[in-house]
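K.L.:
okay, sequence plus prediction incoming.
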Amino acid sequence: MKRVTMTILGLTLLTAGACATDSDSNPPGAGPTTPDDGSGSGTNTQDNPEPEPTALDDRKVDYNEALRTASLKLTDSLPRLTDIIAVRDASDPKEAYEERLAAMLEDSRFSERMIRYWRDVFRQGGGTLDSAPVFAARVLVEGRPFTDLLTATESTCPSYDTTSDSFVDGNCDNGVETHAGLLTNPGVMAQFYSNMAFRRVRWVQEIFACQSFPAEFRESTTKVGEEKATYTSPWDFDTVSAEPVDFRDTSSVVCANCHTSMNHLAPLFGQFDDEGTWQDSVQVETPLSPEPVPTELSHWLVDGEETAWRLGEPTANLPELGAAMAQDPAVAECLTARLYNFAMSKQDIVSELATIPVAVLEPYVKVLKESDGDLGHTLETIMKSEDFVRF
Ligand code: HEC
């Protein structure tokens, strides 16, 4: 099982990162710079406030190079010669660069680029599968709170008109009573249709929490089953069903390490059919031999268990799930990390394990929070940072 090994690798890395979150070493207002302050090399900060030099310190600030990189990333084109010269000859090249950066974020080509950005992030797009990336691009470009991605109830299936270079309102037409941003998107639900709705759950977890399953951990592990296997989830082991699929099996892997979280989420997504339309009954199947059967609630969870985002955060429906996720700091961190990786040309944080040190990310997470969740502004701040303008 290749997936499991990879997950364990991811788990180790991300757990280490999560611990580091606890130390909030950034002084208020320190702003988004490289973390070359504070962590000094010795105790004598008076004589030597600078940390030990590294290869990174050899980089030189180059606003024209930054302009070029930003322009390619945000508008898919090289800067105009007049802008290159203006930045080169400016008495304050930083200001000249930042003015042009701000203008790029207003450029209609930026909207189209962001649609592509979200297509890459979501692994989805084109034709009927474009409403999720277009909606997310609109939230970013218009500076709306990122929480709209999870909680918006109106116009969650907009389109983009390339003639007028503008977003066009559109409601998703998939039978959902109250929408919850991308969590009720027909394209997402169609593309990630699978047995027991687990692929949809995986998508939600990996896209918005930037971590593959297992998603939750108990403080100290415990032993379960005849094999005395290591159980790491905080949920009670017996909350997941033992039949018809045995999620309490411990003979090879401990299914419940992942599936306690997953099975509390999956029923929320089970009523979308394979075209992403909400129906009155569960539409996914339980893979039994010789024939799969329609999934029943009791296949996921034992009687009396409620659906939940995480242990202690019950969510009875998708709008409640969206609201819980919108409050989860892991989601704000994840979306910021994705923007950072985009700006710095890094690969996917989950599939390629392109994780970012917490100290680097933290200032930008703060920017996101303090700007009421404005992803576009956060991206702009990343592109103004020392890391972005030094080469
Ligand atoms: C490391 C986490 C993890 C562990 C451990 C794990 N699973 Fe899963 N399981 C997943 C994920 C993620 C998916 C969805 C995969 C996808 O479709 O992309 C899944 C999918 C499934 C499915 C649906 C497969 C299908 O046909 O689409 C079943 C059934 C299932 N798991 C049962 C189990 C059982 C039983 C065990 C223990 C023997 C187990 N899983 C262990 C994460 C896990």
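P.N.:
Yep, it's here.
K.L.:
for this protein, what spans make up the strands?
P.N.:
Shown for the chain, the strands assigned by DSSP state E span residues 159-161, 166-168, 222-224, 229-231, 285-286, 293-294, 308-310, 313-314.
K.L.:
number of residues surrounding Lys346?
P.N.:
Residues contacting Lys346 under the criterion other CB atoms under 10 Å number 15. No exception for glycine: its C-beta is placed from N, CA and C like everyone else's.
K.L.:
count the residues that sit near the residue nearest to it when sequence neighbours are not counted.
P.N.:
Nearest non-adjacent residue to Lys346, counting by CB to CB, 6 or more residues apart in numbering: Ala354, 4.4 Å away. The local packing of Ala354 (other CB under 10 Å) involves 16 other residues.
K.L.:
separation between Ala354 and Asp348?
P.N.:
Using CB to CB, to the nearest Å, Ala354 is found at 6 Å from Asp348.
K.L.:
do Tyr231 as well
P.N.:
Distance from Tyr231 to Asp348, by CB to CB: 29 Å.
K.L.:
compare these two (neighbour count), which wins?
P.N.:
Applying other CB under 10 Å to Tyr231 and Asp348 shows that Tyr231 carries more neighbours, namely 19 against 15.
K.L.:
quick check: beta-bridge partners of the more buried one?
P.N.:
Counting by DSSP bridges, Tyr231 is bridged to Thr222.
K.L.:
now do it, the pLDDT please.
P.N.:
Note for Tyr231: predicted pLDDT of 98.
K.L.:
contacts only, for it.
P.N.:
Arg218, Thr221, Thr222, Lys223, Val224, Phe237, Val254, Ala256, Asn257 (CB atoms under 8 Å, 6 or more residues apart in numbering).
K.L.:
mutual contacts of Ala354 and Asp348, please.
P.N.:
Residues touching both Ala354 and Asp348 (CB under 8 Å, 6+ apart): Asn341.
K.L.:
ok, the residue positioned nearest the centre of the chain - contacts?
P.N.:
With distances taken as CA atoms, centre = their mean, Phe208 lies nearest the centre of the chain, 3.2 Å away. Shown in contact with Phe208 (CB under 8 Å, 6+ apart): Leu149, Leu150, Met325, Val331, Cys334, Leu335.
K.L.:
can you check these and name whichever has the most neighbours?
P.N.:
Within these, most neighbours by other CB under 10 Å means Leu149, with 29 neighbours.
K.L.:
quick one: the closest residue to that residue other than its chain neighbours from Arg144, how far?
P.N.:
For Leu149, ignoring the flanking residues on the chain, the nearest one in space by CB to CB, 6+ apart is Gly181 at 4.8 Å. Going from Gly181 to Arg144 by CB to CB gives 11 Å.
K.L.:
of these two, who's got more company?
P.N.:
For the pair Gly181 and Arg144, the greater number of neighbours falls to Gly181 (24 against 17), based on other CB under 10 Å.
K.L.:
residue ranges in the protein under the pLDDT threshold?
P.N.:
For the chain, the stretches with pLDDT under 70 are 1-50.
K.L.:
so which bits of it are right by the ligand?
P.N.:
Contact residues, the chain versus the ligand (CB under 6 Å from any ligand atom): 4, 7, 194-196, 198-199, 202, 213-214, 245-247, 249, 252-253, 255, 257-259, 287.
K.L.:
would you mind giving me the ChimeraX syntax to select the buried ones in the residues you listed?
P.N.:
Buried members of the residues of the chain next to the ligand can be picked out in ChimeraX with the line below, counting by 16 or more other CB atoms under 10 Å:
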select :7,194,196,198,199,202,213,214,245,247,249,255,257,258,259
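K.L.:
so what's Gly270 up against?
P.N.:
Listed by CB under 8 Å, 6+ apart, the contact set of Gly270 reads Met196, Ala197, Val282, Gln283, Val284, Thr295.
K.L.:
ramachandran angles for the fifth one?
P.N.:
Per-residue torsions, Val284: phi -100, psi 170 (degrees, to the nearest 10).
K.L.:
tell me the contacts of it?
P.N.:
Listed by CB under 8 Å, 6+ apart, the contact set of Val284 reads Tyr193, Ser194, Asn195, Met196, Ala197, Phe269, Gly270, Pro294, Thr295.
K.L.:
skipping adjacent residues, who's closest to the first one in space?
P.N.:
Closest residue to Tyr193 in three dimensions, ignoring its sequence neighbours and counting by CB to CB, 6+ apart: Asp274, at 4.4 Å.
K.L.:
what count of nearby residues applies to the one you found?
P.N.:
Look at Asp274: counted by other CB under 10 Å, it has 12 neighbours.
K.L.:
cool, Ser233 as well?
P.N.:
Neighbours around Ser233, by other CB under 10 Å: 25.
K.L.:
and what of Ile85?
P.N.:
Neighbours of Ile85 (other CB under 10 Å): 12.
K.L.:
against Cys255, how distant is it?
P.N.:
From Ile85 across to Cys255, the span is 62 Å (CB to CB).
K.L.:
could you find the closest non-adjacent residue to Ile356?
P.N.:
Nearest residue to Ile356 in three dimensions, chain neighbours excluded: Ala337, at 5.3 Å (CB to CB, 6+ apart).
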